[in-house]
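[1] Generate coordinates for the sequence data below:
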Amino acid sequence: AAADGAAAVDERVDEAEAELAAAGSPRAVAPAAEAVAGAATGMTTAGGVAAGADVAAVGSSSLAKEAAAGRGKARAKRMKERREAAASDVKVRAEILEVPSAGFSVPELATELAITAADVVKTLFIKGVMVQVNQVLEPEYVKMVCDEFEVEVLDGEEGEVSDQARKTTDFGEADDEGDMETRAPVVAIMGHVDHGKTSLLDYIRSASVADGEAGGITQGIGAYKVAVPSAEGSMTDLVFLDTPGHEAFSAMRARGARVTDVAVVIVAADDGVRPQTIEAISHAQAAEVPLVIAINKTDKPGSQPDRVKQELAEQGLLPEEWGGSTQMVPLSAKTGNGISDLLETLQLVAEMENLQANPTRMAAGTVIEARLDKLRGPTATLLVQAGTIRTGDMVVTGAAYGKVRALSDDRGNALEEAGPATPVQMLGLSETPIAGDEFQVVETEQEARTLAEEAAELLRRERLNMQAGQVGVSLTNIPENGEEQQRLNVIVKTDLSGSVEAIKAALSVIPSEKVALRFLLATTGEVNESDIDLAYASKAVVLLFNVPMSEQVREAASSKGVEVREYRVIYDLVEDVKLAMEGMLSTLQEKVDIGSAQVKAVFGRGKKAVAGCIVTVGSLKKGCICIVKRGKDIVHTSNVDSLRRVKDNVSEVTEGTECGVGVNEFHDWEEGDVIEAFEIVNVKQTIDIPDADDEK
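    Below you'll find the model as predicted:
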């Protein structure tokens, strides 16, 4: 019996150990250990065997209960963790929402308001607006939804142009240090219009670029590589970017700052710090590049370099001689004085920056400018920032791609290849690229085509968001249409890609509460008959900026009554569009007081009664509108139909003169009545464009 009992104990102990291992609970060890100890002491009696078996049974039962309790606690713990995680992911509704000019998509707005997309669609539907779940909502509709959910709305501004100056790509980040070589610095010349940026580069390059620019102002980015003497007597390369100074070309200046290594801001000594000077400084600071101030026109009478330094100090730029860190070089682009000091300063700054690039990798960089040449096709000015581009390479930039057919430098000399920090003109792209886009050389045409198609699809979606309206067809003959908001449709064709953005930026600042300006097409290249057909169908005006028009296209435009305007200076284009928008505004009627008179006597009776008056203020005119007041009451409003001086009929009686007055359909005159005369004049509404100087 003892042996059988021991066997039973062993069996119970084995079961307890198995459950113990499965449960992993330390609190169940003691009962199982007692069962093992009981068997080991060699229990010889039936009672001992029974006791050992009972102990083992208790241990097994405790193990099962502990295991179940452990699993329950673990499950409860996991459920608690999931609830806490879910609670932490709940979006808190914004109390104040800044709405960008582009609006929000339905899912984005739902996330910001901590509601579902269906709630957004439902809210707008109740308000009479039908939208799709994946639609982008205009700010007006976003505000409607926010009002419903009691969320305050702030109008978000477009991204500042200075943000476009921030460097977004490090072209040498993935390269090995052993492959890096010293490269030439890229220097952006920036500043206010007519402060001498291009003239300075002309002197350095010994060229005459400024003579060929319309209006004497730069309207595109020029990129030049120039060999200049160093302090040691050897020749070193500097790459210059000449950016426009007109306020409309702000984005173009920001693009120049983004690709530069050193920024030179030119300030005229006879003009001082101007709005675009301040903007250029902000671009350079946003790009986080060294800044050098060139104080130009010091040879002119009335120049005040010290005043310029004081104005720059107010902008936070202290010259080195005043204890600051900003290098300021006085010079004259006309005589050449000080230019050697500027070049030496630029070389020193570049040396301190330790500029390097890998010339062995596949080329990459930025599209500085682009245009559509009638004979050569799309032409792009590229700044190679890493690697080496060669003829025959496959290039992709945005929606444009193609094999490099030809490369040339800024003087038109053919090149077989171009290394880092080299501006080149390239032929061979499938279409005109967008200035500011980055380019890269890829292995195969298939890879280039795939990347270009993806970019083209994004551009296509953006174009689909533009809607055409119906407005007048001429800048000088645009119909008025009451107080409804009207649209002026325009088609813009320019010589340079950067000019497109400049024109759109210049026109976008024209206030358009009652007249909306809509760009049906804005691109580079010559105007063609398809453009005329589009203008005819949509009643648009065609604006050409520095592009020719063939006689065939001119005849097509004339036959269809489409107006085509040609411009070479952006000032003229903006002014004409502003006048056209003003022409669409209705005239306003204003009341203009002209005088008053007091009734001294009444002559005649009944319908023949007239008032004997003296003009106390201004004058009375025959036919003018008048109000007859008796005390504070208006007793009649009509017009003066009879005006006599002694016995003569007159057209006007001036202040201090007595006269007889007859008013249409009024004869109940009393002494002391007052006649107030006025005229209604039509006033043409005007549009005032904010002045950058006033903002300053």
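[2] now the helices for the stretch 551-696 of the chain?
    With DSSP state H, counting those that start in this stretch as the criterion, the stretch 551-696 of the chain has helices at 551-560, 570-583, 692-695.
[3] Check which residues of the longest one are buried.
    Using 16 or more other C-beta atoms under 10 Å as the burial criterion, the residues of helix 570-583 that qualify are 570, 573-574, 576-578, 580-581, 583. For every residue, glycine as well, the C-beta is placed using N, CA and C.
[4] What average pLDDT does it get?
    Here helix 570-583 scores 81 as its mean pLDDT.
[5] Repeat that for the last one.
    Regarding helix 692-695, the rounded mean pLDDT is 44.
[6] coming back round to it: want to throw the helices of the stretch 551-696 of the chain into TSV with distance to V186?
    Listed next are the helices of the stretch 551-696 of the chain as TSV, based on distance: least, C-beta to C-beta, whole Å:
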stretch	distance to V186
helix 551-560	39
helix 570-583	26
helix 692-695	27
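[7] Of the ones you listed, which is nearest V292?
    For V292, the closest of the helices of the stretch 551-696 of the chain is helix 692-695, at 23.9 Å, according to C-beta to C-beta.
[8] Straight-line length of stretch 539-554, end to end?
    17 Å (C-alpha to C-alpha, to the nearest Å).
[9] Surely R390 touches E416?
    Yes: using C-beta atoms under 8 Å, R390 makes contact with E416 at a distance of 6.5 Å.
[10] which residues are in contact with both of the two?
    Jointly contacting R390 and E416 under the rule C-beta atoms under 8 Å, 6 or more residues apart in numbering are L407.
[11] Between those two, which has more neighbouring residues?
    R390 (16 against 9; other C-beta atoms under 10 Å).
[12] so the more buried one bridges to which residues?
    E417 (DSSP bridges).
[13] Give me the contacts around the helix or strand containing L312.
    Assignment of secondary structure by DSSP states H and E places L312 within helix 305-314. For helix 305-314, the external contacting residues (C-beta under 8 Å, 6+ apart) are 267, 269, 272-273, 293, 295, 298, 318-319, 322, 324, 326, 328, 330.
[14] mind redoing it with 7 Å?
    Residues outside helix 305-314 that contact it (C-beta atoms under 7 Å, 6 or more residues apart in numbering): 267, 269, 272-273, 293, 295, 298, 319, 328, 330.
[15] cool, stretch 431-439 as well?
    By C-beta under 7 Å, 6+ apart, the list of residues contacting stretch 431-439 from outside reads 169, 255, 364-372, 378, 380, 382, 395-400, 497-498, 524-525.
[16] Report the buried members of the residues you listed.
    For those, a neighbour count by 16+ other C-beta under 10 Å gives the buried set as 255, 364-372, 378, 380, 382, 395-400, 497-498, 524-525.
[17] Which members of these occur in strands, if any?
    Of the buried ones among the contacts of stretch 431-439, the ones assigned to strands by DSSP state E are 364-372, 378, 380, 382, 395-397, 400, 524.
[18] Buried ones in the helix holding L312, by neighbour count?
    305, 308-309, 311-312.
[19] H283: which of those is nearest?
    Proximity of these to H283 was ranked by C-beta to C-beta; the top entry is L312 with 15.3 Å.
[20] Mind pulling the model confidence for the closest one?
    On the pLDDT scale, L312 is placed at 90.
[21] Then S530?
    S530 carries a pLDDT value of 81.
[22] Same check on Q219?
    In this model, Q219 is scored at 36, pLDDT.
[23] Then V161?
    The pLDDT attached to V161 in the predicted structure is 42.
[24] and what of D393?
    D393 carries a pLDDT value of 94.
[25] Run a quick neighbour tally on it.
    D393: 22 neighbours (other C-beta under 10 Å).
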